[in-house]
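sequence first, then the predicted structure:
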Amino acid sequence: MTTLSERISQSAFDGSRLRVVLLLDLYDGAQNQFLEVYEHLRKQVSSVPGHIRDELCQSIENPSQWLITSEWESAPRFLAWVNSEEHVASVQPLHGCVRDTRSLRFSVLRETGKGPDPGLPSLDVPLSAFPSASASSSAASSASSAAADRARGNLQVAPRRGDGVVRHALTFTVKPGSEPVVAELLAGYTSPQARVDETTRLRRTSLFMHGNRVVRAVEVEGDLLAALRHVALQPEVQALEEAINPYLEQDRDLSDPGSARMFFTRAALPAVHHVAAGGRETADVGRHALFYPAKDGCGMALARLLAGQDEAAVDDPACPVEASTVFQRDDIVVRLLDLRGPLDARPALALGVEGSHKAAVLARLLDSAKDGVPTTDQEISRFLARSEMRLITDRRTPVQA
């Protein structure tokens with residue numbers, strides 16, 4: 001059995017509080033515009049379920065550098081907000097005054113302190129109005145305090161072991177009928193230079209399709225943002241993106257920063273869970289991807305179900321699952337499996353429903369489970385075949401690259 005100390009894992013589902021750190025570099029002279037935008041955004045975020053508090057800070061060394069920290073009851077609460085169309089629209093005004101941003105997300109593992117001083121002004125009081133407080137701001141303050149009381153004590157139970165790899169995915173759809181052409185383009189492009197800088201390199205890129213949906217999963221050692229920017233500047237990738245533009249369902253112009261930002265924001269498919277049996281990978285491990293279209297509002301619950309199944313699977317040395325990554329955004333869930341042997345050798349395990357009543361739970365969460373609950377091995381095998389994504393290309397970078 002794999003012990004917790006051996007297991008490599010990341011998860012948004014451990015129930016701990018989340019601290020989000022957003023670093024911003026403002027354009028010269030944009031401070032007042034930024035503060036106006038922040039005031040509007042702050043009021044909007046304060047009403048989002050799961051939000052506890054936030055702080056706005058300015059560098060004492062470089063006044064153009066700012067920092068926003070926010071605290072959330074849990075990672076799923078934050079992810080539901082940050083992946084929403086409402087969030088995309090709310091942060092749009094920031095782009096006119098911010099030159100660059102960097103977002104970091106942390107589970108709270110330990111904390112030291114005596115708690116907030118009741119004499120200090122609430123974080124929900126406007127920056128320009130510390131001396132006074134209206135009835136509405138008092139209500140907002142009470143709601144924020146209640147959220148903080150609920151979340152207090154929700155710490156990450158133990159440190160997780162990492163492998164130095166950041167996992168991320170992008171997904172988009174192409175026009176029906178164009179799938180063969182797009183698959184050929186995606187399979188035949190020239191790989192970009194893997195080395196980004198001394199600390200960052202591309203490790204693996206896996207491309208899958210399911211119907212007209214494309215999923216590109218990447219593994220990066222080092223800085224994900226630096227790697228994504230590096231890839232976007234490579235001539236090979238630019239040529240590929242230009243070639244598939246006519247086939248996309250959502251129009252984009254990657255030469256326009258605003259259009260590119262909007263496309264990649266909506267295409268982002270974050271990794272919400274990863275688990276692997278450390279040091280156990282063998283030569284006969286194959287990579288597979290499964291597509292789970294969830295019912296409206298059930299994407300996070302579906303991702304959590306699959307994550308729990310895979311946690312148990314990798315702990316069993318006899319289990320063929322070597323690693324699993326669950327990507328989720330809204331009602332799109334993709335599960336990437338590194339598996340020994342054929343995918344259909346143990347259909348229920350591969351689908352993520354091995355165990356009592358798991359298939360019934362999955363069926364309640366899936367939008368595609370219109371034919372009832374798969375119970376027999378034959379039914380589960382058919383369900384698995386419908387969920388399996390077609391591998392277009394899977395490229396690994398040599399260790400020395």
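Okay, I see it. Residues are numbered from 1 along each chain as shown.

where in the stretch 101-250 of the chain is pLDDT low?
114-153 (pLDDT under 70).

show me what contacts Met300?
Each residue near Met300 by CB atoms under 8 Å, 6 or more residues apart in numbering is listed here: Pro76, Leu79, Ala80, Val272, Gln328. Just so you know, the C-beta spots here come from the backbone N, C-alpha and C atoms, and that holds for glycine as well.

how far away is the residue nearest to Asp223 when sequence neighbours are not counted from Ala217?
Leaving aside its chain neighbours, Asp223 sits nearest to Thr200 (4.7 Å; criterion: CB to CB, 6 or more residues apart in numbering). Going from Thr200 to Ala217 by CB to CB, to the nearest Å gives 17 Å.

please apply the same query to Pro176.
23 Å.

of those two, which one has the most company?
Neighbours were counted for Pro176 and for Ala217 using other CB atoms under 10 Å; Ala217 has more, 23 against 9.

and what about the more buried one, helix, strand or coil?
strand (DSSP: H, G, I helix; E, B strand; the rest coil).

biggest separation within the contacts of Met300, which pair?
Of all pairs drawn from those, the one with the longest distance (CB to CB) is Ala80 and Val272, at 10.9 Å.

compare neighbour counts for those two and give me the winner.
The neighbour comparison of Ala80 against Val272 (other CB under 10 Å) goes to Val272, with 24 against 19.

let me know the pLDDT of the nearest residue to the more buried one once chain neighbours are set aside.
Leaving aside its chain neighbours, Val272 sits nearest to Ala12 (4.3 Å; criterion: CB to CB, 6+ apart). With respect to pLDDT, Ala12 scores 92.

hang on, Ala12 packs against Trp72?
No. Checked against CB atoms under 8 Å, the pair Ala12 and Trp72 is beyond contact range at 10.8 Å.

which helix or strand contains the most centrally placed residue in the chain?
Nearest residue to the geometric centre of the chain (CA atoms, centre = their mean): Pro270, 1.7 Å. Following DSSP states H and E, one finds Pro270 within strand 268-277.

I'd like to know which elements that strand is packed against.
strand 7-11, helix 75-82, strand 165-173, helix 299-314, strand 321-329, strand 332-340 (3 or more CB pairs under 8 Å, 6 or more residues apart in numbering; DSSP states H and E).

repeat that for 7 Å
Packing partners of strand 268-277 (3 or more CB pairs under 7 Å, 6 or more residues apart in numbering; DSSP states H and E): strand 7-11, strand 165-173, helix 299-314, strand 321-329.

let me have those in JSON lines, extended by distance to Ile244.
Formatted as JSON lines, the helices and strands packed on strand 268-277 follow (distance: least, CB to CB, whole Å):
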{"stretch": "strand 7-11", "distance to Ile244": "30"}
{"stretch": "strand 165-173", "distance to Ile244": "9"}
{"stretch": "helix 299-314", "distance to Ile244": "26"}
{"stretch": "strand 321-329", "distance to Ile244": "20"}
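
okay, the ones you listed, which one's buried deepest?
strand 321-329 (a mean of 25; mean count of other CB atoms under 10 Å).

how about it as CSV, C-alpha atoms only?
Written as CSV, here are the backbone C-alpha positions of strand 321-329 (Å, rounded to 0.1, in the frame of the first residue of the first chain):
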residue,chain,number,x,y,z
VAL,A,321,-3.9,3.4,-11.8
GLU,A,322,-0.5,5.0,-11.5
ALA,A,323,-1.7,8.6,-11.5
SER,A,324,-4.8,10.6,-12.1
THR,A,325,-5.5,14.3,-12.7
VAL,A,326,-9.0,15.8,-12.6
PHE,A,327,-9.6,19.0,-14.5
GLN,A,328,-12.8,20.9,-14.0
ARG,A,329,-14.4,24.1,-15.0
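
each with direction, which strands does it pair with?
strand 268-277 (antiparallel), strand 332-340 (antiparallel) (DSSP bridges).

buried stuff in the longest one?
Buried residues in strand 268-277, counted by 16 or more other CB atoms under 10 Å: Leu269, Pro270, Ala271, Val272, His273, His274, Val275, Ala276, Ala277.

touching, the fourth one and Val326? I think so.
Yes. With contact taken as CB atoms under 7 Å, Val272 and Val326 are classed as touching, separated by 5.6 Å.
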